[in-house]
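**Q** Please find the sequence and the predicted model below.
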Amino acid sequence: MGSDRTLVQSLDRALSILDVLRLADGGLTLGDVAARSGLPKSTTHRLLATLEHRGLVGRDLEANAYRLATKTFEPVGAGPRVREALEALAATSGETANLGALIGSEVLYVDRADSPHALRWQLGVGSRVPSYCSALGKAILAFLPPAEVARRLPSRLEAHTARTITERRRLLKELAVVRDRGFATDDEEFMDGVRCVAVPIEHDPTVIAHAVSLAGPAFRLTHARAEGLVDALRVAAARIHRMLELEQPRPSGA
């Protein structure tokens, strides 16, 4: 992403809230929006009030929940059919299946289906991780135009583990490899002991980009096993893409 000097923080935060609502399966409470956007409740409340005033967000007073107003778009993202696809993937692979979307320089975990194993990846829905050190993020970034990738990356690639790629040139080389082979890996780059493999779902940079991943302990999800699960990921990604395509946001009145 661009430097902090080029960003209008309040606008960036408001757009982040719209992204969260756009990905929600139904209305979200103030607390839900604050948790998923990573903003304080007081800030979230003021921004939601402003967006509601401008007709971009609607509020259900009875349910005390917020959702996108028809002035923007109908919400898309997780739903029962997508969850079924993730559950089937988790059952056949034995690892946790995740659906992620790129928001700014981070990946938002939209939905997940847990591994049947007791020892499994536990990052919850609504969590956000840096795109450059996650398989979901790299699977999406690899198919964006170079200028968009540059905009999405932070000025400094912070190390989360000893394996995190912190050199921009090296990361761009890896994204080129991901683009060629069609899948991305997180080799304990965000969390020690956790390996992930992901494939992209949506390549069109004009809409929110999605990816689907499998994540598990590195001792179980070995490199060879991760690559062996790519075909299953692609089948699930194609299935989810068809669902999301049917739910793509349309301007009101379209």
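**A** Structure's in. What do you need? Model, not experiment: these values are computed from the prediction.
**Q** What is the neighbour count of His45?
**A** Residues near His45, counting by other Cβ atoms under 10 Å, number 14. All C-beta atoms are positioned from the backbone trio N, CA, C, and that covers glycine.
**Q** Going along the chain from the strand or helix carrying it, find the next helix or strand for me.
**A** Per DSSP states H and E: His45 is located in helix 41-53. Following the chain from helix 41-53 toward its C-terminal end, the next helix or strand by DSSP H and E is strand 57-60.
**Q** Report all helices and strands that that following strand contacts.
**A** helix 9-23, helix 41-53, strand 65-68 (3 or more Cβ pairs under 8 Å, 6 or more residues apart in numbering; DSSP states H and E).
**Q** so which of the ones you listed gets nearest Leu119?
**A** Each of these was checked against Leu119 via Cβ to Cβ, and the shortest separation belongs to helix 9-23, namely 28.5 Å.
**Q** Flag every buried residue along that closest one.
**A** 13-14, 16-23 (16 or more other Cβ atoms under 10 Å).
**Q** tell me the pLDDT at Ile165?
**A** In the prediction, the pLDDT value recorded for Ile165 is 96.
**Q** where's it relative to Glu189, distance?
**A** For Ile165, the distance to Glu189 under the criterion Cβ to Cβ, to the nearest Å works out to 7 Å.
**Q** quick revisit: give me the lowest-pLDDT entry from the buried residues of helix 9-23.
**A** The lowest pLDDT within the buried residues of helix 9-23 belongs to Leu23, which sits at 76.
**Q** Off-centre distance for the helix or strand containing Asp32?
**A** When secondary structure is defined by DSSP H and E, Asp32 falls within helix 30-37. Once both centres are worked out by Cα atoms, centre = their mean, to the nearest Å, helix 30-37 turns out to sit 15 Å from its chain's centre.
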